[in-house]
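Asker: here are the coordinates; sequence isn't available:
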């Protein structure tokens with residue numbers, strides 16, 4: 001039987017994405033965007049007090065999704081993420097063994113509005129697609 005490694009998170013971006021480009025054998029370098037994501041839930045104590053519990057997740061986006069994250073994500077933005085968990089370990093400069101678990105994103109959806117300084121449609125990274133004049137490819141069968 002095969003396992004399932006699926007993560008769905010809705011939370012707030014903790015800081016603007018860190019973007020790194022890696023050289024590749026192809027013409028375009030491979031891009032990686034990483035950022036922290038906070039998810040918050042509320043529980044009641046035995047004394048019926050409401051307690052806020054926040055978990056921080058390391059999110060990583062690759063290639064085209066990294067481009068999207070770089071253009072549209074900002075600190076505080078509420079997003080929906082689908083992806084998978086990936087753990088890795090390495091030895092740091094001091095010789096200490098380090099471990100990290102990351103959410104490798106497959107899908108990203110911005111849930112909050114853009115920042116106030118981006119209110120113009122022309123500043124939207126998708127505006128070129130949304131406002132372009134395209135001709136129909138042909139008759140649709142439905």
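Answerer: Arrived safely, thanks for sending. Only a predicted model underlies this, so the values are computations on that prediction, with no experimental measurement involved. Numbers count the residues shown, from 1 in each chain.

Asker: helix or strand right after whichever helix in the chain runs longest?
Answerer: The longest helix of the chain (DSSP state H) is helix 63-72. Next in sequence after helix 63-72, counting helices and strands by DSSP states H and E, comes strand 78-91.

Asker: Give me the angle between that next one and helix 63-72.
Answerer: With axes from the mean of the first three to the mean of the last three CA atoms, to 10 degrees defining the directions, strand 78-91 sits at 120 degrees from helix 63-72.

Asker: List the pairing partners of strand 78-91 within its sheet, with orientation.
Answerer: Under the criterion DSSP bridges, strand 78-91 sits next to strand 7-13 (antiparallel), strand 97-110 (antiparallel) in its sheet.

Asker: picking up where we left off before, tell me the average confidence for the longest helix of the chain?
Answerer: Averaged over helix 63-72, pLDDT sits at 93.

Asker: buried sites along that helix?
Answerer: For helix 63-72, the neighbour count (16 or more other CB atoms under 10 Å) marks 65-66, 68-70, 72 as buried. Placement of C-beta: from N, CA and C, glycine included.

Asker: Would you reformat these as TSV and include distance to residue 55?
Answerer: Converted to TSV, the buried residues of helix 63-72 look like this (distance: CB to CB, whole Å):
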residue	distance to residue 55
65	22
66	23
68	24
69	20
70	24
72	23
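
Asker: List the contacts of the residue nearest in space to the middle of the chain.
Answerer: Centroid check for the chain by CA atoms, centre = their mean gives residue 108 as the closest residue, at 5.4 Å. Shown in contact with residue 108 (CB atoms under 8 Å, 6 or more residues apart in numbering): 61, 65, 68-69, 73, 79-82.
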